[in-house]
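> Sharing a model prediction with you, sequence too.
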Amino acid sequence: MAQPARVLVIGGGIGGLAAAAALHQRGRDVTVLERARSLEPAGAALSLAPNALRALDALGIGDEIRDLAAWQGDGGLRTPGGRWVSRTSAEAAAARFGGPLVLLPRATLVDRLAALLPPGAVRTATAATLADPGERTRPARVTTGDDELEAELVVGADGINSRVRGALFPSHPGPVYAGFTTWRVLIPLPGAEFASHETWGRGRIWGTHPLKDGRVYAYAAARTPAGGRAPDDERAELLRRYGDWHDPIPAVLAAARAEDVLRHDVHHIAEPLPAHHGGRVALLGDAAHAMPPTLGQGGNQAIEDAVVLAHHADDLPAYTAARLPRTTAVARRAVRVARLDMADNPVAVAVRDTVIAALSKAGPALFLRGFDGIADWRPPYASGEAQAGTRDRERT
């Protein structure tokens, strides 16, 4: 016999947990079904722009996250030799967007989001399959091994290779390779003092950012064939590609161990989905609109999705109408930035750096202008309104 559940969230990443928290605060009975054995995230750190922080304000934890995170913005764009092409400041970013851009470990955000849920709401080591998306007069059905669960709403937050998306839109081509791979490192680096930077070379980039807890988050990206791996280990691969770049890159590589380095090919959804919902199922985050990481907006857009979905949980076409145009535009901008920062033609690289330097001298840095129309987003409800919605449900 089917066991009823009001909302089932498939996937316990940042987007899934944020959606679960937002829906729980609006009085929904929420269960998160996560395939992995724990909620420990695979990524290293996460950049949050003011748009995502405002969404976290709506969940009531925005200020807590700001306190735990390091402000970004003091630094800018450099060449591999160390020359500054463009400079920015945290104060300028906060003034432009009405709040800071911050950086913190992914695990910190996951922990804070999970803490918003009641005990027992998260079921790990639970592989879930969408059996029936349902319709207005029929609940959706999800299977988990020997169990079958019914739901008024199913949230597909199961990542870039989403099986929920495949069930809703079987003819969609799905994600495609973006043409480059990424490496990420999160390590302690005692005594290091440096400004945050992103460094653009020929078909390669590197970024280094200090965290508030004393660790350093570094990432790299390079044009490579899909599926490649280092012949020895990925730290050695980073040394070959970036070992002669400016400080503090050599110091980061010297402090890192082979097991500290994560490598992942970058895939994205090049063809937008026809909708972010079907039947009683809504998609969010990478399941709906996976994008290159070049704007740092993948997780940010998932958090936006979460609070908007909670606002439109009873009207999924309205959710699609609110999210599909925006996420499509952000994803396309991320693709354009990827073409720019991953350029490998020497003439194009020289022209790129010259133009960026000239534009930066003429006005706000390119880094900040890249967030115009993105970081100024505001959620459909403010902090406290979700909890008020819960109280209203309880009174009725």
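Structure's in. What do you need?
> and Ile10, what is it in contact with?
Going by CB atoms under 8 Å, 6 or more residues apart in numbering, Ile10 touches Gly16, Leu33, Ala128, Leu130, Val142, Val154, Val155, Gly156, Ala157, Asp158, Val164. From N, CA and C alone the C-beta is placed, and that goes for glycine too.
> hmm, 10 Å instead?
Counting by CB atoms under 10 Å, 6 or more residues apart in numbering, Ile10 makes contact with 16, 31-35, 126-130, 142, 144, 154-159, 162-164, 281, 283, 287.
> Write the PyMOL selection for whichever of these are buried.
The following PyMOL line selects those of those that are buried, judged by 16 or more other CB atoms under 10 Å:
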select buried, resi 16+31+32+33+34+35+126+128+130+142+144+154+155+156+157+158+159+162+163+164+281+283+287
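> mind listing which of the contacts of Ile10 are in strands?
Secondary structure assignment by DSSP state E places Thr31, Val32, Leu33, Thr129, Leu130, Val142, Thr144, Val154, Val155, Gly156, Val281, Leu283 of the contacts of Ile10 in strands.
> Can you pick out the most distant pair from those residues?
Thr144 and Leu283 (18.9 Å; CB to CB).
> pull the longest strand from the chain.
The chain, longest strand under DSSP E: strand 176-188.
> Name the residues of that strand that are buried.
Of the residues in strand 176-188, those buried (16+ other CB under 10 Å) are Ala178, Gly179, Phe180, Thr181, Thr182, Trp183, Arg184, Val185, Leu186.
> Hmm, Ala226 and the third one touching each other?
Yes: proximity of Phe180 to Ala226 meets the contact threshold set by CB atoms under 10 Å, at 9.5 Å.
> Identify the contacts common to these two.
Common neighbours of Phe180 and Ala226 (CB under 10 Å, 6+ apart) are Asp265, Val266.
> before we move on, the earlier item: quick one: average confidence on the longest strand of the chain?
Strand 176-188 shows a mean pLDDT of 97.
> Adjust the sequence numbering to begin at 207 for everything that follows.
With 207 as the first residue, the last one maps to strand 382-394.
> Might you quantify the distance of the next helix or strand after it from its chain's geometric centre?
Per DSSP states H and E, the first helix or strand lying C-terminal to strand 382-394 is strand 402-406. Averaging C-alpha positions (CA atoms, centre = their mean, to the nearest Å) puts strand 402-406 19 Å from its chain's average.
> Once you drop chain neighbours, what's closest to Gly420?
Pro394 (6.2 Å; CB to CB, 6 or more residues apart in numbering).
> what packs against the helix or strand containing Ala556?
Using DSSP H and E, Ala556 sits in helix 552-568. In terms of contacts (3 or more CB pairs under 10 Å, 6 or more residues apart in numbering; DSSP states H and E), helix 552-568 is packed against strand 281-284, strand 290-294, strand 402-406, helix 522-547, helix 572-575.
> again, only using 7 Å
The contact analysis (3 or more CB pairs under 7 Å, 6 or more residues apart in numbering; DSSP states H and E) places helix 552-568 against strand 290-294, helix 572-575.
> now the ones you listed in CSV, with distance to Tyr423 and mean neighbour count?
As requested, the helices and strands packed on helix 552-568 are exported to CSV (distance: least, CB to CB, whole Å; neighbours: other CB atoms under 10 Å):
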stretch, distance to Tyr423, mean neighbour count
strand 290-294, 17, 20
helix 572-575, 17, 19
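> Keeping just the C-alphas, turn stretch 556-568 into CSV.
Taking C-alpha atoms only, stretch 556-568 is exported to CSV below (Å, rounded to 0.1, in the frame of the first residue of the first chain):
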residue,chain,number,x,y,z
ALA,A,556,46.1,39.9,-25.8
VAL,A,557,43.0,41.8,-27.1
ARG,A,558,40.9,40.5,-24.2
ASP,A,559,43.3,41.6,-21.5
THR,A,560,43.8,45.0,-23.2
VAL,A,561,40.1,45.7,-23.4
ILE,A,562,39.4,44.5,-19.9
ALA,A,563,42.1,46.8,-18.5
ALA,A,564,40.7,49.8,-20.5
LEU,A,565,37.2,49.1,-19.4
SER,A,566,38.3,48.8,-15.8
LYS,A,567,40.0,52.2,-15.9
ALA,A,568,36.9,53.8,-17.4
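> Show me what counts as buried in it.
For stretch 556-568, the buried set under the neighbour-count rule, 16+ other CB under 10 Å, comprises Arg558, Asp559, Ile562, Ala563, Ser566.
> and which of the residues you listed is nearest to Leu445?
Relative to Leu445, and with distances defined as CB to CB, the nearest of the buried residues of stretch 556-568 is Asp559, at 24.5 Å.
> dump the residue contacts of Phe577.
Residues in contact with Phe577 (CB atoms under 7 Å, 6 or more residues apart in numbering) are Ala255, Phe303.
> Which strand or helix spans it?
Judged by DSSP H and E, Phe577 forms part of no helix or strand.
> any idea of the pLDDT on it?
With respect to pLDDT, Phe577 has a value of 85.
> any idea how far Arg408 is from it?
From Phe577 across to Arg408, the span is 25 Å (CB to CB, to the nearest Å).
> Just list the residues touching the nearest residue to Leu265 once chain neighbours are set aside, thanks.
Leaving aside its sequence neighbours, Leu265 sits nearest to Ala227 (CB to CB, 6+ apart; 5.5 Å). By CB under 7 Å, 6+ apart, Ala227 lies in contact with Leu265, Leu319, Leu322, Leu323.
> From the residues you listed, pick the one nearest Ala524.
Leu265 (20.1 Å).
> so which strand or helix has the spatially most central residue of the chain?
By CA atoms, centre = their mean, the chain has its centre lying nearest to Gly505, at 1.7 Å. If you go by DSSP H and E, Gly505 is part of helix 504-517.
> now the helix or strand containing the residue nearest to Leu265: mean pLDDT?
In this structure, Ala227 sits in helix 220-231 according to DSSP H and E. Averaged across helix 220-231, pLDDT comes to 98.
> tell me how far that helix is from the chain's mean position?
Chain-centre distance of helix 220-231: 15 Å, with CA atoms, centre = their mean.
> Alpha carbons of it, in PDB - could you do that?
Written as PDB, here are the backbone C-alpha positions of helix 220-231 (Å, rounded to 0.1, in the frame of the first residue of the first chain):
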ATOM      1  CA  ILE A 220      22.200  22.800  -1.400                       C
ATOM      2  CA  GLY A 221      19.200  23.300  -3.700                       C
ATOM      3  CA  GLY A 222      17.200  20.400  -2.300                       C
ATOM      4  CA  LEU A 223      17.900  21.300   1.300                       C
ATOM      5  CA  ALA A 224      17.000  24.900   0.700                       C
ATOM      6  CA  ALA A 225      13.800  23.900  -1.000                       C
ATOM      7  CA  ALA A 226      12.900  21.500   1.800                       C
ATOM      8  CA  ALA A 227      13.600  24.200   4.400                       C
ATOM      9  CA  ALA A 228      11.500  26.800   2.500                       C
ATOM     10  CA  LEU A 229       8.600  24.400   2.100                       C
ATOM     11  CA  HIS A 230       8.800  23.200   5.700                       C
ATOM     12  CA  GLN A 231       8.600  26.800   6.900                       C
END
